[in-house]
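Undergrad: sequence first, then the predicted structure:
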There are 2 protein chains.
Amino acid sequence: MARLVMKFGGTSVADMDRIRHAAAHIRREREAGNHVVAVVSAMAGETNRLVTFTKTAGRLQDPREYDMVVSAGEQVTAGLMAMVLQDMGVPARSYAGWQLPIRTDGAHGKARITAIEGRDVLAAATSGQVAVVTGFQGISPGNRMTTLGRGGSDTSAVALAGALKADRCDIYTDVDGVYTSDPRVVPRARRLDRIAYEEMLEMASLGAKVLQTRSVEIAMVHRVPVMVRLSFADPAASAVGTLVCDEDEIVEKLVVSGIACSTDEAKITLVRVADRPGKAAAIFGALADANINVDMIVQNISEGGQATDLTFTVSNADLERAVRVLEEARNEISYERLLNAHGAAKVSIIGVGMRSHAGVAQTMFRALADKGINIEVISTSEIKVSVLIDAEYAELAVRALHTAFGLDAD
Amino acid sequence: MARLVMKFGGTSVADMDRIRHAAAHIRREREAGNHVVAVVSAMAGETNRLVTFTKTAGRLQDPREYDMVVSAGEQVTAGLMAMVLQDMGVPARSYAGWQLPIRTDGAHGKARITAIEGRDVLAAATSGQVAVVTGFQGISPGNRMTTLGRGGSDTSAVALAGALKADRCDIYTDVDGVYTSDPRVVPRARRLDRIAYEEMLEMASLGAKVLQTRSVEIAMVHRVPVMVRLSFADPAASAVGTLVCDEDEIVEKLVVSGIACSTDEAKITLVRVADRPGKAAAIFGALADANINVDMIVQNISEGGQATDLTFTVSNADLERAVRVLEEARNEISYERLLNAHGAAKVSIIGVGMRSHAGVAQTMFRALADKGINIEVISTSEIKVSVLIDAEYAELAVRALHTAFGLDAD
């Protein structure tokens, strides 16, 4: 007997048939004697429909009213899921975010959960009733509806699992787990049975869309084991999936667990920036003020201590704006030229095993060199090495690394 | 300067253009210096869409979950209306039923408002901000979402006006007021400038769909003047309408203010019912137990004190069930024969002026006799006379009475 939180995303509750299918998963777990709390998203397409309404409401977008409108979708699914469960003979009741309540800060549209009052939900689950909780939403300190941003239902589920001290949080989605790389790019990619929180966090930040980054952070902090599973699987059988868990619970650690790739990278180089204290602050301060996220940063060693070249990446969407900001701040920053280019790709290898293995980066660089791929920027962390390359070589690079680190399926 | 509650129904907020039009009415009242609280329904069609979802969710219809699902519609409109108002430069914010809160009993699907905490809304309105409140919904003693039943937003608006001690509650709808009769039947029907609560109550119960009966009851109890107005009117000008108000505020009282007609009547006659105490209770008790509403009842004087004929009406939809119930209880009730027929019409004249005028019923009966219309059952109240006639004559009867009581427009 375990305490489970089971989360179903938008495609898993897209229509009444899918809701019924999801409900059958819940019934299976409950019949196995588990105490179940379900978390549901809005039906696929519903949130978009509501967002479109808000866009036509006018230029002014009061984020509090935006949240009032878009949070309605989850309320509908929660009620329907409870009805469907009851129809199957499974006692169930719905809870809106305000009914627990799930408290958040006041950052409407991208609120962060600050506290969850789980008492009622836990009492329901313990008594054998399935509590169906709206994902994605909460209430602000001023009692207004808040939403957690796209993918926020993952965060709701994991945070709820943490608050309830659940044994596991199952995320039912449209893939059957976390893969060593994107199967569309790497046909021989394989599903991981387990992945460490830290690895999943890097994968999520690097664009693997299986779990929202924030939800992985919360899982890591509260040590909630998270299972990614396929919602379309036969609900009669407990399907396989990938368990996101503590590093210690992974017996056979791979040196590299995954290869991630992001092609949404644009590169900016400032040539001959005056090499004086405060220059970096001037550059990145100006970009931060304009809400532009800077990712990889490389500064070459200054020759003669007078000037240096600085290269960094921003997302493609931000490139134009970033260039404008830097040109406006040219006098303050003082640089000779500004080079910029779309079409870069960031390829990363991720694995907690790196910590205890030497030569991992070396293997990566050699594998890329063997394919004639030029590395433009390198950045590393304890469990990750990322390189910036020409986007044309992205898929080739990912496949080469997948093979080089022994990840290919048989 | 007045304190106003302005209510917009589903057709008045059916799409973004209509919401903008409704918002312009609100802006006009606010610019005139009034303190405004708005009450909105779900966008037309939205509640039906949600109800359809619940129907496909299964045979079991937990009314608490039904309310969870269908109450989402008003939440969307409230947020959108607040955004549109802000876009027009009118300060506004939305309130869901639970945010005031609007408290109801636990009769889900047809809950009754028990208390409204109007403090926040009133503070907003007084400070010049338009408070946009979701109609149709509240919360139960157990903090679950409740809905007030179809047309419930009228009730929300009037109850809120009562709680806020508003000077007036304006109901914006798809007609420009209350008419002396249904204009589709009586081309010369005319809009009333004023109508007394009691009259409106009879009109609403008799099928005039302008206002929900319950909302008129609340208006009467709290003495809230209610104005029925056309939402599609030019929002730049304050449109005419019908004021539902206290009898004392109507200077020129008509003897008869309106002619109502319901063709949804079926007639049942029990022939030779044993004339003993408790028989009526046996008959109507059995029907009440089966949730069948009985309307007009006529009992002929018993000849010789042994048996009597009893005639009454039920709605067409209930006829078959009523007959079955009465046949099952035949031994207990003891009657000779049961006659039943669809196709009756109830035609009523309504007017507070009747109290002080003799011969009103006589005028009615003569007008019908002049057209060769046979009266089958008569029932009267202080301000109403209803007759049951063959439904084929319904329109003819209504027009004849409209003329006989001097209601025809010039």
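TA: That came in fine, so what should we check first? Small disclaimer: the values here were computed from a predicted structure and weren't measured. Numbering: from 1, shown residues only, chains lettered A, B, ... in the order given.
Undergrad: next one: the most centrally placed residue in chain A relative to A:G151, how far apart?
TA: The centroid of chain A falls nearest to A:Q212 when counting by C-alpha atoms, centre = their mean (2.7 Å). According to C-beta to C-beta, to the nearest Å, A:Q212 and A:G151 sit 4 Å apart. Quick note: C-beta positions are derived from backbone N, CA and C, even for glycine.
Undergrad: what about A:E202, neighbour count?
TA: Neighbour count for A:E202, taken as other C-beta atoms under 10 Å in any protein chain shown: 26.
Undergrad: find the nearest non-adjacent residue to it, please.
TA: A:I350 (4.6 Å; C-beta to C-beta, 6 or more residues apart in numbering or on different chains).
Undergrad: I figured that neighbour hits A:C261, correct?
TA: No. In this structure A:I350 lies outside contact range of A:C261 using C-beta atoms under 8 Å: 11.2 Å.
Undergrad: which of the two has more residues huddled nearby?
TA: Neighbours per residue (other C-beta under 10 Å) separate A:I350 from A:C261, with A:I350 holding more: 29 against 24.
Undergrad: so who does the more buried one touch?
TA: Taking C-beta atoms under 8 Å, 6 or more residues apart in numbering or on different chains, we find A:I350 in contact with A:199, A:202-203, A:206, A:256-260, A:383-384.
Undergrad: let's see 6 Å
TA: Each residue near A:I350 by C-beta atoms under 6 Å, 6 or more residues apart in numbering or on different chains is listed here: A:199, A:202, A:257-258, A:384.
Undergrad: got phi/psi on it?
TA: Torsion angles at A:I350 (phi, psi; degrees, to the nearest 10) stand at phi -130, psi 140.
Undergrad: let me see the contact set for the closest residue to A:C245 other than its chain neighbours.
TA: Spatial nearest neighbour of A:C245, chain neighbours left out: A:P225 (4.7 Å); criterion: C-beta to C-beta, 6+ apart. With contacts defined as C-beta under 6 Å, 6+ apart, the neighbours of A:P225 are A:168, A:243, A:245.
Undergrad: so A:P225 versus B:G343, what's the distance?
TA: With C-beta to C-beta as the criterion, A:P225 and B:G343 are 69 Å apart.
Undergrad: and the helix-or-strand element of chain A with minimal mean pLDDT, how far from the chain's centre?
TA: Least confident helix or strand, chain A: strand A:297-299 with a mean of 85, by mean pLDDT, DSSP states H and E. Chain-centre distance of strand A:297-299: 25 Å, with C-alpha atoms, centre = their mean, to the nearest Å.
Undergrad: what mean pLDDT does the following helix or strand past it get?
TA: Once strand A:297-299 ends, the next helix or strand along the chain (criterion: DSSP states H and E) is strand A:307-315. Strand A:307-315 shows a mean pLDDT of 89.
Undergrad: from the contact counts, what lies against strand A:307-315?
TA: Strand A:307-315 sits against strand A:258-274, strand A:297-299, with contacts defined as 3 or more C-beta pairs under 6 Å, 6 or more residues apart in numbering or on different chains; DSSP states H and E.
Undergrad: now do that strand against strand A:258-274, angle only.
TA: Strand A:307-315 runs at 140 degrees relative to strand A:258-274, counting by axes from the mean of the first three to the mean of the last three C-alpha atoms, to 10 degrees.
Undergrad: what are the buried residues along strand A:307-315?
TA: A:307-314 (16 or more other C-beta atoms under 10 Å in any protein chain shown).
Undergrad: stretch A:139-159 too?
TA: A:139-140, A:144-149, A:151-159.
Undergrad: just the residues you listed: which are in helices?
TA: A:152-159 (DSSP state H).
Undergrad: ok, now how distant is the residue nearest to the centre of chain A from chain B?
TA: Separation of A:Q212 from chain B (C-beta to the nearest C-beta, to the nearest Å): 24 Å.
Undergrad: and what of A:T47?
TA: Counting by C-beta to the nearest C-beta, the gap from A:T47 to chain B is 12 Å.
Undergrad: then stretch A:266-281 to CSV, C-alphas only?
TA: The C-alpha trace of stretch A:266-281 is given here as CSV (Å, rounded to 0.1, in the frame of the first residue of the first chain):
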residue,chain,number,x,y,z
ALA,A,266,21.8,32.7,-31.3
LYS,A,267,25.3,33.9,-30.8
ILE,A,268,26.6,37.4,-30.1
THR,A,269,30.3,38.4,-30.0
LEU,A,270,31.5,41.7,-28.8
VAL,A,271,34.9,42.3,-30.3
ARG,A,272,37.6,44.1,-28.3
VAL,A,273,35.7,45.1,-25.2
ALA,A,274,37.7,47.3,-23.0
ASP,A,275,39.1,45.0,-20.3
ARG,A,276,38.2,46.9,-17.2
PRO,A,277,36.4,46.0,-14.0
GLY,A,278,32.6,46.4,-14.3
LYS,A,279,32.4,45.8,-18.0
ALA,A,280,30.7,42.4,-17.7
ALA,A,281,28.2,43.9,-15.3
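Undergrad: just to revisit the earlier point, what pairs with the residue nearest to A:E202 across the strands?
TA: A:G258, A:K384 (DSSP bridges).
Undergrad: quick one: low-confidence parts of the stretch 201-350 of chain A?
TA: Residues of the stretch 201-350 of chain A that meet the criterion pLDDT under 70 lie in A:207-208, A:301-305.
Undergrad: can you give me the helices in it?
TA: Using DSSP state H, counting those that start in this stretch, the helices assigned to the stretch 201-350 of chain A run over residues A:213-222, A:279-289, A:319-328, A:330-333.
Undergrad: before we move on, back to that, and which of the contacts of A:I350 is nearest to A:V175?
TA: Nearest to A:V175 among these: A:G258, at 13.8 Å, using C-beta to C-beta.
Undergrad: check contacts around the closest one.
TA: A:180, A:203, A:350.
Undergrad: kindly report the residues of chain A close to chain B.
TA: A:16, A:53, A:56-58, A:60, A:62, A:65, A:68-69, A:72, A:75-76, A:79-80, A:82-84, A:86-87, A:94 (C-beta under 6 Å from any C-beta of the partner chain).
Undergrad: tell me the domain ranges of chain A?
TA: A:3-250, A:259-404 (automatic domain parsing).
Undergrad: out of those, which is the most enclosed?
TA: When those are scored by mean count of other C-beta atoms under 10 Å in any protein chain shown, the highest mean neighbour count falls to domain A:3-250 (a mean of 21).
Undergrad: just how off-centre is that domain within its chain?
TA: 13 Å.
Undergrad: with stretch A:315-324 instead?
TA: So, by C-alpha atoms, centre = their mean, the centroid of stretch A:315-324 is 23 Å from its chain's centroid.
Undergrad: what about it, how long is it end to end?
TA: By C-alpha to C-alpha, to the nearest Å, the extent of stretch A:315-324 from end to end equals 15 Å.
Undergrad: in CSV, list the C-alpha atoms belonging to whichever strand or helix holds A:V133.
TA: Using DSSP H and E, A:V133 falls within strand A:130-134. Output of strand A:130-134 as CSV, limited to C-alpha atoms (Å, rounded to 0.1, in the frame of the first residue of the first chain):
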residue,chain,number,x,y,z
VAL,A,130,-9.9,9.7,-4.8
ALA,A,131,-9.2,13.4,-4.4
VAL,A,132,-9.1,15.0,-7.8
VAL,A,133,-7.2,18.3,-7.6
THR,A,134,-7.0,21.0,-10.2
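Undergrad: ranges for the strands of the stretch 101-250 of chain A?
TA: Secondary structure of the stretch 101-250 of chain A by DSSP state E, counting those that start in this stretch: the strands cover A:102-104, A:113-116, A:130-134, A:137-139, A:145-147, A:168-173, A:194-196, A:226-230, A:241-245.
Undergrad: relative to A:A281, which of those is closest?
TA: strand A:113-116 (31.2 Å).
Undergrad: neighbouring contacts of that closest one?
TA: Contacts of strand A:113-116 (C-beta under 6 Å, 6+ apart): A:102-105, A:159-160, A:163.
Undergrad: what lines up beside it in the sheet?
TA: strand A:102-104 (antiparallel).
Undergrad: model confidence over the partner strand, on average?
TA: pLDDT averaged over strand A:102-104 gives 97.
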